[in-house]
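[1] After the sequence you'll find the predicted model.
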Amino acid sequence: MKKTFLIIFMALAATFTQAQTKKKAKPDNICEPTTYVYASLGGGMHNLCYDLGSFGSKGIGLGGMFTGGLTHFFTDNFGASAGIMLNYTNTSAKLTGIESIENAVDEESKTYTHRTYFNDLKESQNIFSLGIPVGAYYQHEIGKKFKVTGGVGVVVSFALSGNYKTKSGNLETRGYYPEYKLELKGMPQHHEYTAQDFNGYFELKPSISPYLQVGAAYCLTKEWSATAGLYFAYGVNSVAKAQKSYVYNPDCMSADAYQNPTYNGVCSSSTVDKMHTISAGVMVGVAYNIGNIFEHKKKPTEKPIQINPITIPDSALVANVDDSELNIIEPEPFSAVEPVSDDNQPVDTQVVVIDVKKELSLNGFNMQFAFNDSTAILNTRYQNYLNQIAEDMKENPEKIIMITGHTCDIGSYEANYKVALRRAGFAKQQLMERGISADRIVTQSKAYLEPLVPNTSEDNRKINRRIEFKYIK
């Protein structure tokens, strides 16, 4: 059964961590491939499960935990987590049975049966352990700030300390002589007495506990989130490390051996042969988004695009657009741009395809941009297209046009967003120079989020580097 459970869990974990998608996350999507540092506190039932049979009964204990670590989401929804866990477990047992030791020897060297009566002796057991949780996680956005979360995994725990202490009740020792059918008690000379205050330490074996978590997260800021949820874990192996034969050993096997009676406790005795850990409760915490730790800036793998010299007609116009402002700039003569290194060259600024919607009765055309700036060459054909748009808007003064810039998928989102916005801004400037008011022109950037064709080749990427015009009113 244990082997089957582990196989199923490993298969689920592999499915979660390997399920990846090529979808690009939107900037306002709170579920995206990223990495979180998290910390949480939890509390509830933290217990040792064992059966005392007729020897007594076990109560339910309360405990708590602290967890911290990293969770990395490989996709918008699936990820993996690893960290550390400090766990406190409190369990109690009430002993009501009788423990017998045959062939005991009294002070007169006579054999008898030594009996220990446990009179509602309540023993409290406290365990501190250090765990290493590893698991697979899922998240799903249900609003602009909320997301539901869940995880399955395994915690490997090692006991740091285990101690016991009796809280109430007592134990009483007696001697039974079978040949006389006589039981003696309350006779100190026969080493019979009543005791109640005991404390000491015990050892536990490492435990392996599959766990399950479900909860939700609320995004306080772009980086910080508050988390809350429920957790459950159950140990699949016994942690009992019985070293002693008896809960209480009066050291009664010889006439002169009564010098060192010892209370060993439930967890160190053979009374319990199997002992499992279990915990369930509520947890709250925080998570901090540190960004995708596996993300590296992409660099073009294709060979540099060779741009043949262009013959510029007399009517050519060169325009420059500032990154932050879209003011009209006086035309300047076009001049060749010196090549720049790959480190300084902006991403995706070579070729743009402008797709004009059918309602404008225009076809698409290619616009070339020089390296490392927002300079474009407008020949007569390009100017005619822009002139036709401007004339149409002058004839229909109620119209408002939206210009959307697009890029291919090479480079980071931030870099492509700026490139696409500058392209849209360049087209806006051209329309403004043709007499269209700025308040009738809306610009936006989609970066690489809305490709016309898959970015699987350089030819396709050229198609995706474009500007789109669309009337929105």
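    Right, received. Where do you want to start? Residues are numbered from 1 along each chain as shown.
[2] ranges for the strands of the stretch 51-200 of the chain?
    56-58, 62-73, 78-95, 98-105, 111-141, 146-177, 182-185, 194-195, 199-201 (DSSP state E, counting those that start in this stretch).
[3] low pLDDT regions in the stretch 151-300 of the chain?
    Within the stretch 151-300 of the chain, the ranges that satisfy pLDDT under 70 run 188-191, 295-300.
[4] Which residue is most remote from the mean position of this protein?
    Taking CA atoms, centre = their mean as the measure, the residue most remote from the mean C-alpha position of the chain is Y180, 70.5 Å away.
[5] how does the chain divide into domains?
    Residue ranges for each domain of the chain read 2-289, 317-471, as given by automatic domain parsing.
[6] related to what we said a few turns ago, could you export the strands of the stretch 51-200 of the chain as CSV, including mean neighbour count and distance to L48?
    Any C-beta I mention is one placed from the backbone N, CA and C, and that applies to glycine too. Compiled in CSV, these are given as follows (neighbours: other CB atoms under 10 Å; distance: least, CB to CB, whole Å):
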stretch, mean neighbour count, distance to L48
strand 56-58, 17, 8
strand 62-73, 18, 10
strand 78-95, 20, 4
strand 98-105, 16, 20
strand 111-141, 19, 6
strand 146-177, 18, 9
strand 182-185, 13, 32
strand 194-195, 14, 24
strand 199-201, 12, 15
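[7] Adding distance to K418, write those strands out as CSV.
    Formatted as CSV, the strands of the stretch 51-200 of the chain follow (distance: least, CB to CB, whole Å):
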stretch, distance to K418
strand 56-58, 65
strand 62-73, 26
strand 78-95, 29
strand 98-105, 79
strand 111-141, 26
strand 146-177, 28
strand 182-185, 91
strand 194-195, 80
strand 199-201, 64
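[8] N47 is nearest to which of those strands?
    strand 78-95 (5.4 Å; CB to CB).
[9] now the closest one, how far from the chain's geometric center?
    Distance of strand 78-95 from its chain centroid, counting by CA atoms, centre = their mean, to the nearest Å, is 18 Å.
[10] Then stretch 31-51?
    So, by CA atoms, centre = their mean, the centroid of stretch 31-51 is 11 Å from its chain's centroid.
[11] can you pull the buried residues of it?
    By neighbour count with 16 or more other CB atoms under 10 Å, stretch 31-51 contains the buried residues 31-36, 38, 40, 42, 44, 46-50.
[12] now, which of the residues you listed sits nearest M65?
    G42 (4.8 Å).
[13] Spit out the contact partners of the closest one.
    Taking CB atoms under 8 Å, 6 or more residues apart in numbering, we find G42 in contact with 64-67, 231, 281-284.
[14] go on, S245?
    Contacts of S245 by CB under 8 Å, 6+ apart are 269-270.
[15] Next one: the residue farthest from the centre of the chain from T113, what distance?
    Using CB to CB, to the nearest Å, Y180 is found at 12 Å from T113.
[16] follow-up on the earlier one: okay if I get the contacts of G42 as CSV plus distance to N292?
    Formatted as CSV, these follow (distance: CB to CB, whole Å):
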residue, distance to N292
G64, 32
M65, 28
F66, 26
T67, 22
Y231, 26
G281, 32
V282, 30
M283, 25
V284, 26
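[17] mind checking how far the closest residue to Y448 other than its chain neighbours is from A104?
    Leaving aside its sequence neighbours, Y448 sits nearest to D409 (CB to CB, 6 or more residues apart in numbering; 4.4 Å). Note on D409: its distance to A104, by CB to CB, is 84 Å.
[18] I101 contacts P250, correct?
    Yes. Contact criterion CB atoms under 8 Å: I101 and P250 qualify, at 7.4 Å.
[19] any residues in contact with both of these two?
    Shared contacts of I101 and P250, counting by CB under 8 Å, 6+ apart, come down to 114, 116.
[20] ok, back up a step: quick one: which two of the buried residues of stretch 31-51 are the most distant?
    Top of the distance list for those (CB to CB): E32 and Y50, 45.6 Å.
[21] Could you check the pLDDT of K3?
    You'll see K3 listed with a pLDDT of 51.
[22] show me the contacts for D273.
    238, 240, 242.
[23] Could you say whether it sits in a helix, a strand or coil?
    In three-state terms, and counting by DSSP: H, G, I helix; E, B strand; the rest coil, D273 is coil.
[24] That one and T456, how far apart?
    On the measure of CB to CB, D273 and T456 end up 63 Å apart.
[25] Next: K110.
    Counting by CB to CB, the separation of K110 from T456 is 95 Å.
[26] Quick check on the two: which one has the bigger neighbour count.
    K110 (13 against 10; other CB atoms under 10 Å).
[27] Correct me if wrong: the more buried one contacts G175.
    No. Applying CB under 8 Å, one finds K110 not in contact with G175, separated by 9.4 Å.
[28] where along this protein do the helices fall?
    For the chain, helices defined by DSSP state H occupy the ranges 2-18, 380-395, 413-433, 458-464.
[29] who's the residue sitting nearest the centre point of the chain bridged to?
    By CA atoms, centre = their mean, the chain has its centre lying nearest to T71, at 2.9 Å. Counting by DSSP bridges, T71 is bridged to Y36, S81.
[30] give the contact list for it.
    Per CB under 8 Å, 6+ apart, neighbours of T71: 35-36, 38, 79-81, 137, 287.
[31] Look up how far G151 lies from it.
    Using CB to CB, we find T71 at a distance of 8 Å from G151.
[32] between these two, what contacts are shared?
    Residues touching both T71 and G151 (CB under 8 Å, 6+ apart): 81, 137.
[33] Next, count neighbours for Y288.
    13.
[34] Could you measure from it over to G131?
    From Y288 to G131 the distance is 22 Å (CB to CB).
[35] hang on, the earlier thing: any idea which of the contacts of D273 is closest to K470?
    So of these, ranked by how close each gets to K470 (CB to CB), first place is S238, at 68.6 Å.
[36] which phi and psi does the nearest residue to the closest one once chain neighbours are set aside have?
    Spatial nearest neighbour of S238, excluding adjacent residues (CB to CB, 6+ apart): K274 at 4.5 Å. Main-chain dihedrals, K274, degrees, to the nearest 10: phi -130, psi 140.
[37] Quickly note the distance from K274 to N237.
    For K274, the distance to N237 equals 9 Å [CB to CB].
[38] Between those two, tell me which one has more neighbours.
    Remark: of K274 and N237, N237 carries more neighbours, 15 against 11, as counted by other CB under 10 Å.
[39] you'd agree that one is up against P210?
    No. Using CB under 8 Å, N237 is not in contact with P210, being 11.1 Å away.
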